[in-house]
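Undergrad: What would the 3D arrangement of this be:
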Amino acid sequence: MTKCVVAALYKFVTIEDPETFRDNLFRFMTENEVRGTVLVAHEGINGTVSGSRAHVDSFLNYLRSDARLADLEHKESYTDECPFLRTKVRLKKEIVTLGVEGVNPNHIVGSYVNPKDWNALISQEDVIVVDTRNDYEYQIGSFKNALNPDTTSFREFPEYVKSNLDPSKVKKVAMFCTGGIRCEKATSYMKMQGFEEVFHLKGGILKYLEEVDAAESMWEGECFVFDDRVSVDHDLSRGEYDLCHACRMPISAEEKASELYVLGESCPYCSDQHSEEDRARLRERQRQIELAKHRGEQHLGSNLAQIRDQRRSEKIAEKDRQRKAQEA
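TA: Here you go, the predicted structure:
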């Protein structure tokens, strides 16, 4: 079976007209069978997509044909089945939301550390290693001795820094995240707060797992990813975790064996958080998903999303037609 290519990418770069960029990119992706989600903002782009080798290469070449993205880097992994069912290109205020005005990695950022040099850096006694991801990501895997900010969203990171890290006492900070984007913005914020020696893992965990041999690795556990694979192991193959469809938390085989786990309805993390009305709604949703699978169809929610995407594509095509008519 031909492997599906999964490509994760981002770049902080000024995009003056995000809406036009979004429309053109969405058109290209739908026409070339590239599925996944790409976020577009004035500050740049961020996304993960999947498709055949030829289609993903075509997508990357399309992006790099734009002079602003000529040096765009990406991370790859492979899976038997593509993890995305739909194509989404969304406009955002930030491509990764920190919620602090003035933070711009294009103006100030920490020092990049290549994956091959990461182990030596985080092994130094005077280096504080900080995982900039959320708590549920940290719980299934992280670097040895990394601090967990215990955040539920990236917006909480500035408060963690304010409460736990003093620039007059902490001299060296090494930061990392899944693909590099969060820690790039985090290092920019840290530099603005007066931290002098701030480092971040170039390409994030995914690039580290891609380039560093497992025998030499300081990574422990699996890496959470934001697609249907849920997690990947050190070989970047689909991991052992599943996702609770009720609360979206990653769950292990042991947690699925718990009496608190009910497929589509609850897990040990959320079993006490749902009202009976919520449970009834979740049971019905799971029933519809199973009926759709039995018929060989996607769940209704997926179909509705495809309809919305198709309508957007039609609107973009109509804009093109009107523009060409005016130019003629």
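Undergrad: For residue 229, which non-adjacent residue is closest in space?
TA: With sequence-adjacent residues excluded and distances taken as CB to CB, 6 or more residues apart in numbering, residue 229 is closest to residue 238, at 4.7 Å. Any C-beta I mention is one placed from the backbone N, CA and C, and that applies to glycine too.
Undergrad: isn't that neighbour right next to residue 232, touching?
TA: Yes: Residue 238 is within contact range of residue 232, at 6.5 Å (criterion: CB atoms under 8 Å).
Undergrad: the more surrounded of the two?
TA: Legend: neighbour count by other CB atoms under 10 Å for residue 238 and residue 232, higher for residue 232 (24 against 20).
Undergrad: Let me know the pLDDT of that one.
TA: pLDDT recorded at residue 232 is 95.
Undergrad: just the one 3 residues further on next, same as before
TA: Among the per-residue scores, residue 235 holds a pLDDT of 94.
Undergrad: Kindly report the same for residue 28.
TA: Predicted confidence (pLDDT) for residue 28: 97.
Undergrad: same check, this time on residue 296
TA: At residue 296, pLDDT is 61.
Undergrad: about what we covered before: so how far is residue 53 from the residue nearest to residue 229?
TA: 18 Å (CB to CB, to the nearest Å).
Undergrad: Work out which residue lies at the spatial centre of the chain.
TA: The geometric centre of the chain, computed from its C-alpha atoms, lies nearest to residue 226 (CA atoms, centre = their mean), at 5.1 Å.
Undergrad: Is that one part of a helix or strand, or is it coil?
TA: When classified by DSSP: H, G, I helix; E, B strand; the rest coil, residue 226 comes out as coil.
Undergrad: for the nearest residue to it once chain neighbours are set aside, what are its contacts?
TA: Spatial nearest neighbour of residue 226, chain neighbours left out: residue 48 (6.5 Å); criterion: CB to CB, 6+ apart. Residue 48 sits next to 6, 7, 8, 9, 36, 37, 84, 179, 225, 226, 227 when contact means CB atoms under 8 Å, 6 or more residues apart in numbering.
Undergrad: what's the answer for residue 189, then?
TA: So residue 189 contacts 98, 100, 103, 157, 158, 161 (CB under 8 Å, 6+ apart).
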